[in-house]
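Visitor: how would this look folded up:
(one chain, ligands or ions: 1)
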Amino acid sequence: MNISNQSANQLIASAQLFLTKNTETLEIESLDKLKSILNYLDWQYYVKDNPILADQEYDYLFRLLKDFEIKHPTLVTGDSPTQRIAKGLSASFETVAHLVPMLSLENSYNAEDLKEWDKKCKEILGVDSLEYTVEPKYDGAGISLIFENNNLKRAATRGDGVQGDDITINGKQIKSIPLSASFLNKNVQTIELRGEVIIKKEVFAAINQRREAEGLSIFANPRNAASGSLRMLNPKEVANRGLHAVLYHVSYHNNKDETIADNEVLASHYQALEWLDNLGFSTPHKDMILTDSIDKVIDFCLDYEQKRDNLPFEIDGMVVKVNAIALQDKLGQTSHHPRWAIAYKFKARQATSILEKVEFQVGRTGNIGPVAKITPVSIGGATIGSISLFNEDVIREKDLMIGDTVLVERAGDVIPYIVKSIPELRNGTEQPIEFPINCPVCNDALVKPEGEAAWRCVNVNCNAQLVERLIHFSSKNAMDIRSLGEANVKRFFELGIINNIKDIYQLDFTKIEGLENFGLKSIENLKNAIEHSKEQALHRLIFGLGIRFVGETTAKTLAKAVNDLREFEHWNIEKLCTLEDVGPKVAQSIVQFFKNKDNRLLLDGLARLGVNLQATKNKNSEEGVFLGKTFLFTGTLHQLKRKAAEEIVEQLGGKILSGISSNLDYLIVGEAAGSKLEKAKKMPSIRILEEQEFINILTETGISI
Ligand code: IVH
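Guide: Take a look at the predicted model:
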């Protein structure tokens, strides 16, 4: 998007003006301007990671345009930002041919491979020196975009490389893809771009958290989530997946012999990306180098291999490309890959192992979770012996048998998972995995509710569930009863000292005194931790109660909606659905929880025992000193507990981010802060504060800690 500072300022100034308008006062002549503003804001937000207006302001402008278009339907144009909104899609996707086949890349694995490729390219071209670009190899789902007369005409998946699925409507949900771009020049009517659709790590973690809270199976990695999302039938859901598209190749334009822009944009790969960048696309531009030294190419690849865990997205290697397009054309391609590019693949994060047995664990809500026990293998520095298989469908889909050789992957923050079995290595001794029909703990018959993937033990008094509920209640993000960790909960439960949540608050400490490893000090700590938990913020209690589908975020929403938790006893589904992020399924579960007599008695009992059921009403979250500001804590804090510090920020209206980005305002650093600090230092918009400086600000604001 080619916008000078001056015109950007003008756009922002007019945005302010539009904020004062309504559908009556908006003039038809200013419609194009409003569209440009919204497109510019989308680009800043989704491509540059740089929100310019507050969400509510953006929403206001969007609604203004939408309402105006409803009144004047003839004024709706294809590039209007409202046209991203889905109209629906048929049950299957049409197969379409790519204008140019989407080839694979040749792989290299070390410096020698790259040097050999460098030598070969120079030999074929008969040159001594060659310029290369090096950029990340994004680990997502390939996409091809066709623009005709400057407008996005078609988006397609890679498919078999020759044909893919037409996913245009889903492609339009990806906000980092401009719906139109000025590819200039009247000679270019058709242009085909290639890229990768990815889900940033932060977004991926949030998606899985949401799915887990909703009882859905979680995605193994961002790549699977991205490619699954592109093929979803409901485009509205696609829009909720936070997909991001990076474009890295111009594969076709119908005017190959002439330059297509004023400058010689297509003379080199580097310039082509710069050009796409200026047209408003997200490209690898910021993460790439241009060099004529193969040693520098190698260094850059190794450097990114080190950095890969600190990047906001997953990459599985780097791609080295010959820069000059004329030389690319001379080198040509095989039927499999271009000769002018090569992938440098990072060290595998996969290993094979043997599936020795499958155990079945009963979760807090009675879901039966199969866990694969494999011969321990070391991947990326961690030893993996147990891997969750989520549910029966996963076992069937992956065709797993006891004794199978299985491919195991562990990537960065992603939990390890079994990629697939290798049936070719079977010798006939493998055994099918029998899914139990009775609960492995209480022996009750298991049921599989319609529409759910997991088998479930519905005996609410099943010991396994009782223990898991207690563990969850005292866990760090719930009531945070430190001394009551998993091992102690299990021990106290087996001894009959704690049977349910209420028992925690009427604990007979004399029964614990004699226990092994439980001295006076431990008892003192436990007493304090339990006492302290009585004062926890309401959302922690709500989360700790383990209401189905109520994760941490929903718990926070609920806590803000009432003065006393028991008010929910009078709420119905409709009223709950008016809350942000609460849909009918979640609402139904909440209503069910508060209808249950035992749960009501539990809440009354907890209140009598001194547990806080009241919301701390602070107006701060709407008008606090940190309103609209974002924070991230890194390193070890000495005076504050991380969770407590985060809660203070939230109470004062601030927001906690999970990674460094240009959206971050403050990074608070403790001892031994590592890569996050390094990264923040390179971003001048982020203010870096020591723990003490942060505390000083709190003190000045009148907050005592
Ligand atoms: S260039 C004709 N550049 O990797 C050249 N590909 O394993 C086309 N990929 O099919 C590819 N990041 O889907 C290129 N920066 C990048 C890439 C990239 C990821 C994917 C692409 C390709 C696959 C090959």
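Visitor: how far away is residue 53 from the ligand?
Guide: Separation of residue 53 from the ligand (Cβ to the nearest ligand atom, to the nearest Å): 32 Å. Placement of C-beta: from N, CA and C, glycine included.
Visitor: isn't that residue right up against residue 11?
Guide: No: at 10.8 Å, residue 53 does not count as touching residue 11 under the criterion of Cβ atoms under 8 Å.
Visitor: tell me the secondary structure at the residue in the chain that the ligand sits nearest to.
Guide: Distance from the ligand to each residue of the chain (Cβ to the nearest ligand atom) is smallest for residue 142, at 3.4 Å. Three-state assignment for residue 142 (DSSP: H, G, I helix; E, B strand; the rest coil): strand.
Visitor: what's near enough to touch it?
Guide: Listed by Cβ atoms under 8 Å, 6 or more residues apart in numbering, the contact partners of residue 142 are 102, 157-158, 194-197.
Visitor: just the pLDDT at it, thanks.
Guide: Looking at residue 142, its pLDDT is 95.
Visitor: bridged to it, which residues?
Guide: residue 196 (DSSP bridges).
Visitor: distance check, residue 324 against residue 291.
Guide: Noted for residue 324: a distance of 14 Å to residue 291, by Cβ to Cβ, to the nearest Å.
Visitor: now do the shared contacts for the two.
Guide: Common neighbours of residue 324 and residue 291 (Cβ under 8 Å, 6+ apart) are residue 131.
Visitor: circling back: how much space between the residue of the chain closest to the ligand and residue 662?
Guide: In terms of Cβ to Cβ, residue 142 sits 27 Å off from residue 662.
Visitor: ok, residue 545 next?
Guide: Taken as Cβ to Cβ, the span from residue 545 to residue 662 is 38 Å.
Visitor: then residue 141?
Guide: In terms of Cβ to Cβ, residue 141 sits 25 Å off from residue 662.
Visitor: the more surrounded of those two?
Guide: Legend: neighbour count by other Cβ atoms under 10 Å for residue 141 and residue 662, higher for residue 141 (25 against 11).
Visitor: I'd assumed residue 196 was in contact with that one.
Guide: Yes: between residue 141 and residue 196 there is a contact at 6.8 Å, judged by Cβ under 8 Å.
Visitor: find residues that contact each of those two.
Guide: Contact criterion Cβ under 8 Å, 6+ apart; residues shared by residue 141 and residue 196: none found.
Visitor: shaky segments in the stretch 501-650 of the chain?
Guide: The model of the stretch 501-650 of the chain has pLDDT under 70 over residues 617-623.
Visitor: run the last query once more with 90
Guide: 511, 513-522, 549, 551-554, 556, 560, 580-585, 615-630, 635-650 (pLDDT under 90).
Visitor: wait, residue 172 sits on residue 152?
Guide: Yes: the pair residue 172 / residue 152 is scored as a contact, 6.9 Å apart, by Cβ under 8 Å.
Visitor: hmm, the one helix or strand residue 342 maps to touching the ligand?
Guide: Residue 342 belongs to strand 341-345 when elements are defined using DSSP states H and E. Yes: using Cβ under 6 Å from any ligand atom, strand 341-345 reaches the ligand at 341, 343.
Visitor: please identify the buried residues of the very next helix or strand once past that strand?
Guide: Using DSSP H and E, the helix or strand that follows strand 341-345 in sequence is strand 350-362. Along strand 350-362, these residues count as buried under the neighbour rule (16 or more other Cβ atoms under 10 Å): 351, 353, 355, 358, 360, 362.
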